[in-house]
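Chemist: Curious how this folds, go ahead:
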Amino acid sequence: AGSPGKKDALYMIIQGLASLSSTPKNRFELRIIGATKEQFIEQNEVQEIPDNVLFLGRVPRERVLEELSTADFTTFLRDNKLRFVNAGFPSKLAESMSMGVPVITNLTSDLADYLSDGNDAIIVEGFTSKDYASALIKVSEMPKEKIVEMHEKAKKTAIECFDYSNYVEDLETLIIGEVTK
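Modeler: This is a model prediction of the structure:
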């Protein structure tokens, strides 16, 4: 969801899905929010867009949250060789996990400090469409119970790591300490 730009390797995600044989490919539906199919084609040299890739365009935030609440996974695939990709933390990842939706992602910035492969995320080992396809095959072989368990663990990770209430006391100490100096 959002406005896919240079930092998001949407073309690689679609190529990875397209490269799968029909059995695992048909187990997926990729919903892209924020871009239309025409916008995507205009911005990328595309060879094939599978039928199970749906472009929803820009939609209200409520619809984004509705789509997220029904997702098995979200995907973040970014080139970790780009300095700006490693400079910050992807807020969409924290948002996804706070809704109990695990992510399929490669490791950028400090994500390795928060994510565990097969626990609350599926880690893509590299930054190619083939690497992403391998992660999708791994997901396609998972029983539904494992995916449900990953949802629970993603939510737990979000509560433990991203919930602001965990940091209120530290912030109060910092602010009060600054005021009394």
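Chemist: from the chain's centre, how far out does the helix or strand where G16 lies sit?
Modeler: Using DSSP states H and E, G16 sits in helix 10-18. For helix 10-18, the separation from the chain centroid amounts to 14 Å (computed by Cα atoms, centre = their mean, to the nearest Å).
Chemist: which helices and strands sit right next to that helix?
Modeler: strand 30-33, helix 37-43, helix 129-140 (3 or more Cβ pairs under 8 Å, 6 or more residues apart in numbering; DSSP states H and E). All C-beta spots, glycine's among them, are computed from the backbone N, C-alpha and C.
Chemist: Number of residues surrounding V103?
Modeler: 23 (other Cβ atoms under 10 Å).
Chemist: Contact partners for it?
Modeler: Each residue near V103 by Cβ atoms under 8 Å, 6 or more residues apart in numbering is listed here: 73-76, 93, 96-97, 115, 121-122, 154.
Chemist: re earlier: now the angle between helix 129-140 and the helix holding G16, please.
Modeler: Angle of helix 10-18 versus helix 129-140, following axes from the mean of the first three to the mean of the last three Cα atoms, to 10 degrees, is 50 degrees.
Chemist: what sits up against the longest helix along the chain?
Modeler: Ranked by number of residues, the top helix in the chain under DSSP state H is helix 144-162. If you take Cβ under 8 Å, 6+ apart as the criterion, helix 144-162 is touched by 72-73, 94, 96-103, 114-115, 118-121, 139, 166.
Chemist: For PyMOL, write a command that selects the buried ones of those residues.
Modeler: Only the buried members of these end up in this PyMOL selection, burial being decided by 16 or more other Cβ atoms under 10 Å:
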select buried, resi 72+73+94+96+97+98+99+100+101+102+103+114+115+120+121+139
